[in-house]
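**Student:** Have a look at this fold, sequence not included:
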């Protein structure tokens with residue numbers, strides 16, 4: 001038997017309270033019976049058993065028991081995620097604790113766990129684009145590389161948008177020519193705070209727009225100016241003042257619009273998941289798939305039947 005859900009603290013508390021109050025009731029009943037020199041009616045215990053069965057069957061129904069299998073053809077839809085994460089120094093800012101980069105990694109891991117049938121690739125960018133993990137179904141390998149994302153990956157951690165987006169175009173263009181399955185079933189996920197040291201060439205954006213990909217831009221950080229940590233101090237400018245950084249929300253929205261894509265912020269995960277789920281994927285037919293059946297209904301019916309029996313059966317508390 002397979003369970004869809006596991007026992008939560010609510011079920012444990014409900015069971016414990018039922019046993020506690022049941023034990024107290026039976027104890028008091030036996031105490032009164034001793035004083036009256038009689039004994040509790042046997043059906044009292046039958047009623048207790050019935051009520052126990054009501055609770056047990058109800059809890060089993062809530063857990064979603066699945067047993068038995070049916071064979072059926074299934075069509076699985078999968079997507080290719082090409083993930084690009086900004087690892088420039090500004091991503092160490094802590095306006096969204098613990099840091100912008102950690103927030104970006106959280107988004108990546110959450111999407112990764114939500115789509116077990118999808119393939120993922122990972123690249124980091126700052127002064128240039130560096131591939132960390134090619135498109136793979138090896139989930140352990142992807143998690144390993146994603147966990148190693150750091151603002152120390154590049155010697156010069158500033159974001160050169162001109163170079164980055166030129167590299168991005170060349171890489172995506174090459175991928176689209178190598179594998180036809182990547183076309184129209186791939187999502188390019190850009191996670192950044194939008195703090196670019198150079199402007200993105202308009203021609204590069206228009207070239208990216210023509211590629212057969214779905215673009216999603218995710219902004220990390222907040223619009224509140226925040227200093228950038230550097231060891232035990234902060235990044236300072238030439239005058240010795242703290243360099244302040246903030247999320248370039250409007251710039252990233254414009255970028256997403258120019259790419260015919262969508263813009264979300266990292267905390268808008270539900271909207272991001274809903275949008276990505278609506279995008280087309282690559283259909284793969286799986287023949288004779290074995291699917292277990294959730295049979296909670298049987299236990300729910302049993303619980304109701306035991307409840308009706310408990311109501312119908314009336315008993316005397318004491319036998320005199």
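**Tutor:** Looks like it came in fine. Note that the coordinates shown come from a computational prediction; the quantities given were computed from them, not determined experimentally.
**Student:** Please enumerate the helices of the chain.
**Tutor:** 9-35, 42-63, 100-114, 139-147, 161-178, 202-209, 249-258, 269-278, 296-312 (DSSP state H).
**Student:** deepest of the ones you listed, which one?
**Tutor:** helix 100-114 (a mean of 20; mean count of other Cβ atoms under 10 Å). In short, each C-beta sits where N, CA and C put it, glycine included.
**Student:** now that one, how far from the centre of its chain.
**Tutor:** Remark: helix 100-114 is offset 8 Å from the chain centroid, using Cα atoms, centre = their mean, to the nearest Å.
**Student:** about what we covered before: Throw the helices of the chain into CSV and include distance to residue 90, thanks.
**Tutor:** What follows is these, written out as CSV (distance: least, Cβ to Cβ, whole Å):
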stretch, distance to residue 90
helix 9-35, 41
helix 42-63, 47
helix 100-114, 7
helix 139-147, 20
helix 161-178, 13
helix 202-209, 21
helix 249-258, 13
helix 269-278, 22
helix 296-312, 50
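**Student:** Can you give the domain ranges for this protein?
**Tutor:** Using automatic domain parsing, the domain parsing of the chain gives 2-64+295-319, 75-284.
**Student:** where among the ones you listed is the average confidence lowest?
**Tutor:** Per-segment mean pLDDT for the domains of the chain reaches its minimum on domain 2-64+295-319, at a mean of 78.
**Student:** what about it, distance to the chain center?
**Tutor:** With Cα atoms, centre = their mean, you get 38 Å for domain 2-64+295-319.
**Student:** what's near enough to touch residue 108?
**Tutor:** Under the criterion of Cβ atoms under 8 Å, 6 or more residues apart in numbering, the neighbours of residue 108 are 83, 85, 122, 146, 189, 191.
**Student:** Kindly provide the distance from residue 56 to residue 202.
**Tutor:** Remark: distance between residue 56 and residue 202 (Cβ to Cβ, to the nearest Å) = 67 Å.
**Student:** distance of the nearest residue to residue 296 once chain neighbours are set aside from residue 305?
**Tutor:** Excluding the flanking residues, the one nearest residue 296 by Cβ to Cβ, 6 or more residues apart in numbering is residue 61, at 4.4 Å. In this view, residue 61 and residue 305 are 12 Å apart by Cβ to Cβ.
**Student:** okay, now the residue lying closest to residue 259 once chain neighbours are set aside: neighbour count?
**Tutor:** Distances taken as Cβ to Cβ, 6+ apart place residue 215 nearest to residue 259, at 4.1 Å, with adjacent residues excluded. For residue 215, the count of nearby residues is 21 (other Cβ atoms under 10 Å).
**Student:** which residues does residue 215 bridge with?
**Tutor:** Residue 215 has these beta-bridge partners by DSSP bridges: residue 188.
**Student:** Tell me who's in contact with it.
**Tutor:** Per Cβ under 8 Å, 6+ apart, neighbours of residue 215: 187, 188, 190, 208, 256, 259, 260, 261, 262.
**Student:** Produce a PyMOL select command limited to the buried residues of the residues you listed.
**Tutor:** Buried subset of these, written as a PyMOL selection, criterion 16 or more other Cβ atoms under 10 Å:
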select buried, resi 187+188+190+208+256+259+261+262
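**Student:** Return the member of the contacts of residue 215 nearest to residue 104.
**Tutor:** Among the contacts of residue 215, residue 190 lies closest to residue 104 (Cβ to Cβ), at 10.0 Å.
**Student:** How about the contacts made by the closest one?
**Tutor:** 84, 86, 215, 216, 217, 218.
**Student:** Please report how far the fourth one lies from residue 159.
**Tutor:** Read that as residue 216. From residue 216 to residue 159 the distance is 19 Å (Cβ to Cβ).
**Student:** who has more neighbours, these two?
**Tutor:** Neighbours were tallied for residue 216 and for residue 159 using other Cβ under 10 Å; the higher tally belongs to residue 159 (26 against 23).
**Student:** tell me the phi and psi of that one?
**Tutor:** phi -90, psi 110 (degrees, to the nearest 10).
**Student:** In contact with the closest residue to it other than its chain neighbours: list those residues for me.
**Tutor:** Leaving aside its chain neighbours, residue 159 sits nearest to residue 88 (4.2 Å; criterion: Cβ to Cβ, 6+ apart). Residue 88 sits next to 126, 151, 157, 158, 159, 195 when contact means Cβ under 8 Å, 6+ apart.
**Student:** again with residue 62
**Tutor:** Residue 62 touches 5, 11, 296, counting by Cβ under 8 Å, 6+ apart.
**Student:** which residue packs closest to residue 236, ignoring adjacent ones?
**Tutor:** Nearest one to residue 236, counting by Cβ to Cβ, 6+ apart, is residue 242 at 5.9 Å.
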